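This is a predicted model, with the sequence first.
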Amino acid sequence: MSIMDDFEKEVSAAVAEALKGMGARETKFPVERSSVETVDLAVPCFSMAKALRKAPQAIAEELASAISPSGLISAVSSANGFLNFNIDPAALVKGTLDEICSRGSEYGSLPKTGIRVNVEHTSTNPTGPIHVGRARNPIIGDTLARCLKKCGHEVSTEYYVNDVGKQVVVLTWGVENATPEEVAAEIEEHARTIGQNEKERDKTDHRLVANYRVANKKMEADPAVQEQITAMLRGFEAGDQKVIDTVRHTAEIMLDGLRETLSNINVTLDRYTWESGYIADGSAKRVVEKLKASKYAGTTDDGACYVDLKDFGVQGKNTKFTFTRSDGTTLYTTRDLAYHLDKFSRADRLIDVLGEDQKLGSKQLCSALEILGSERMPEPLFYAFVSLPEGKMSTRKGVVVYLDDLIDESVARAYAEISKRRSDMPEDRMREIARIVGVGAIRYNIVRVQPEKQFVFKWEDALNFDGNSGPYLQYVHARACSMLRKAGEFERDTDPSKLTDESELKLAKVLSEYESVVRAAGDEKKVHLMPAYGHDLASAFNQFYASVSVLDAGSRRNARLTLVECAKVVLADVLGCLGMGAPEEM
RNA sequence: GGGCUCGUGGCUUAGCCAGGAUAUAGCGCUGGCCUUCUAAGCCAGACGCCUCGGGUUCGAAUCCCGACGGGCCCGCCA
């Protein structure tokens, strides 16, 4: 319960009391954060106009004169039909700073809920490296998971590995059968026609891409290869353990590379769940049996099974959702159903971070879950695709920027910035900070925009280290750390009479808003609010920094240092929620 | 053809779900600020028919209908 919540309660009570005095029967009214900078809370009086048969402005004026400042309410006024309230600035400063001092990094955290939330994210096919289009998934997912933890939930994260199907089988064929010469030639060819030199990347996920491309080309050109791959696919479906193990092994190798990339942007997942497991343990088959028994089930002439979802709001020329092939084998979506049922046995809330191309599939999945009698539904979080200025990203056409390359570029850029201004710093330290800053810039740049907005990747934006950027927040953290380092030991002082500058009040006000941001970013899944808040906080700090001096502030020194420390603590926590490092110098 | 989604200064973006005061911020642009706690910073300024047309309302960037423009989807693929 923050000081602003108390304030809102007092305002509500005061307004209700005053309305009663005016003889109003209807006592419901909104109390909102004002859009006017000089006002803290506002009550719009427009909706009361009819009941009271008075002009909104007249009502606002009458209410304003009926309410006298007391408690946390320091001023009451009216303007343009709004009844405006200001919080006692001293109480705001004192209340906020005391709470931060006592709770530390727990400040802003919501009480434990005991709710188990599972966030599935990333889950890219293990057939190639992660490109920047897909990078939105792990970054949004990981950030959301961190925010949900802050909201008091027991959070687990999970990657669903698609090790079933043609794509991984083709890749596996390529790894097993492509000769070193063929792979080398493919790399040459690719470098010449597309201009990407992949042999320099000594990472398994990048190395295997050439094998994949060789396999695809040979499959198209050579019927014998096509036949071998089809045979492998059949073997896989039939449960041929040798084939399954080989495919799994290839996926593992690829996954090693993907895990390394993810770890480089501070993303680690609690669990990797293999799609093939739901065939092996028979749970996909159980889904098939249950769906077959439902009243929506049907069979095509060839023997493929489907459920008709036309009663579930699924639109289109074909509302049939097929869940077995005519030979009785399961499909991706069938296994995905088994997967979701499994997840529900392990968690209370499921969140799926998905590309917007999965929208229909997700809806079909939910309808099928309903048919299966599930009372809970996964909550999908969709993000729109990232494209390049030259168009849609495509690994095959070579119109692609890999996340690994973006990370390298960003870290290199950060290193250049550091070495430009910190000649005193040892080399290792500069490298270490360059990594923190470079990775932070990428994560920030990706989460700052609403997931549903399309995104055109531009190097100049991705490598922006100024203004609304990750390094801007990290810079403020480093600045605060530097001041506290220079200050040495000091006694905490939250006396509001020593923090009266406009910039100090502004900073305290922003700090007081953290809890509501945590709630919105986590529980309401509006992850992009977290970077926006971080920017507001950093900006308020920079204004404070520019307008008052701290270290030689005489009797105000300790109070200002306390404010610096509080800002640092909250900013570090924001950076933590964003999966960004909080450098102590840069 | 049908469904979903996005459209806010030159560019990027918040606000939209729960309609209210002068529409948020950044990049870029113009002009200032480092003998002083890190200038990856601060201050000041210019730049907006919130895609268009209707409707609901005392009031619409926000809700409804329609158009236009971009994206995504409509497999016995994954």
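On my side now, so go ahead.

contacts and neighbour counts: CA atoms only from here.
Will do.

Which parts of the stretch 51-200 of chain A are strands?
With DSSP state E, counting those that start in this stretch as the criterion, the stretch 51-200 of chain A has strands at A:73-79, A:82-87, A:116-120, A:154-161.

okay, these in JSON lines with distance to RNA strand B, mean pLDDT and mean neighbour count next?
What follows is the strands of the stretch 51-200 of chain A, written out as JSON lines (distance: least, CA to the nearest atom of the strand, whole Å; pLDDT from 0 to 100; neighbours: other CA atoms under 10 Å):
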{"stretch": "strand A:73-79", "distance to RNA strand B": "5", "mean pLDDT": "93", "mean neighbour count": "19"}
{"stretch": "strand A:82-87", "distance to RNA strand B": "5", "mean pLDDT": "94", "mean neighbour count": "24"}
{"stretch": "strand A:116-120", "distance to RNA strand B": "15", "mean pLDDT": "98", "mean neighbour count": "24"}
{"stretch": "strand A:154-161", "distance to RNA strand B": "9", "mean pLDDT": "98", "mean neighbour count": "20"}
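
Mind putting those strands into JSON lines with distance to residue A:294?
Listed next are these as JSON lines, based on distance: least, CA to CA, whole Å:
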{"stretch": "strand A:73-79", "distance to residue A:294": "61"}
{"stretch": "strand A:82-87", "distance to residue A:294": "57"}
{"stretch": "strand A:116-120", "distance to residue A:294": "28"}
{"stretch": "strand A:154-161", "distance to residue A:294": "27"}
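
Could you confirm whether the lowest-mean-pLDDT helix or strand in chain A reaches RNA strand B?
Lowest by mean pLDDT, DSSP states H and E among the helices and strands of chain A is helix A:49-52, with a mean of 78. No: judged by CA under 7 Å from any atom of the strand, helix A:49-52 and RNA strand B are separated, with a smallest distance of 7.9 Å.

Quick check: residue A:574 touching residue A:530?
Yes: between residue A:574 and residue A:530 there is a contact at 7.1 Å, judged by CA atoms under 8 Å.

what sits in contact with each of those two?
Contact with both residue A:574 and residue A:530 is made by no residue, according to CA atoms under 8 Å, 6 or more residues apart in numbering.

Just checking, which helix or strand succeeds the longest helix belonging to chain A along the chain?
When chain A is parsed with DSSP state H, its longest helix is helix A:241-264. Sequence-wise, the next helix or strand downstream of helix A:241-264 (DSSP states H and E) is strand A:271-274.

Which other helices and strands does the next helix or strand after that next one contact?
Where DSSP H and E defines the elements, the next helix or strand beyond strand A:271-274 is helix A:277-280. Packing contacts for helix A:277-280, counted by 3 or more CA pairs under 8 Å, 6 or more residues apart in numbering; DSSP states H and E, involve helix A:332-346.

gap between residue A:82 and residue A:24?
17 Å (CA to CA, to the nearest Å).

Oops, could you answer that again for residue A:138 instead?
Going from residue A:138 to residue A:24 by CA to CA gives 53 Å.

For those two, indicate the residue with more neighbours.
Per other CA atoms under 10 Å, whichever of residue A:138 and residue A:24 has more neighbours is residue A:138, with 25 against 14.

Neighbours of the residue lying closest to that one once chain neighbours are set aside, how many?
In this structure, residue A:138 finds its nearest non-sequential neighbour in residue A:122, 4.9 Å apart by CA to CA, 6 or more residues apart in numbering. When neighbours are counted by other CA under 10 Å, residue A:122 registers 28.

Quick check: pLDDT value at residue A:122.
The per-residue pLDDT reported for residue A:122 equals 97.

ok, back up a step: the strands of the stretch 51-200 of chain A: which one's closest to residue A:352?
When the strands of the stretch 51-200 of chain A are compared by CA to CA, strand A:116-120 sits nearest residue A:352, at 5.0 Å.

roughly how far apart are the closest residue to residue A:529 other than its chain neighbours and RNA strand B?
Spatial nearest neighbour of residue A:529, excluding adjacent residues (CA to CA, 6+ apart): residue A:521 at 5.8 Å. Separation of residue A:521 from RNA strand B (CA to the nearest atom of the strand, to the nearest Å) stands at 10 Å.

Can you tell me how far residue A:521 is from residue A:531?
According to CA to CA, residue A:521 stands 10 Å off from residue A:531.

what does the stretch 101-250 of chain A put close to RNA strand B?
So the stretch 101-250 of chain A meets RNA strand B at A:125, A:162-167 (CA under 7 Å from any atom of the strand).

And the buried ones among those residues, selectable in ChimeraX?
Applying 16 or more other CA atoms under 10 Å to these leaves a buried subset, and the ChimeraX line that selects it is:
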select /A:125,162,163,164,165,167
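
just the residues of the stretch 101-250 of chain A next to RNA strand B now: which is nearest residue A:246?
Scanning those for proximity to residue A:246, where the rule is CA to CA, the winner is residue A:163, at 10.6 Å.

low pLDDT regions in the stretch 351-500 of chain A?
For the stretch 351-500 of chain A, applying pLDDT under 70 flags the ranges A:395-396.

Can you pull the residues of it lying near RNA strand B?
Counting by CA under 7 Å from any atom of the strand, the stretch 351-500 of chain A sits next to RNA strand B at A:356-361, A:384-385, A:392, A:414, A:417-418, A:421, A:434, A:437, A:448-450, A:452-455, A:464-469, A:471-472, A:475, A:478-479, A:482-483, A:486.
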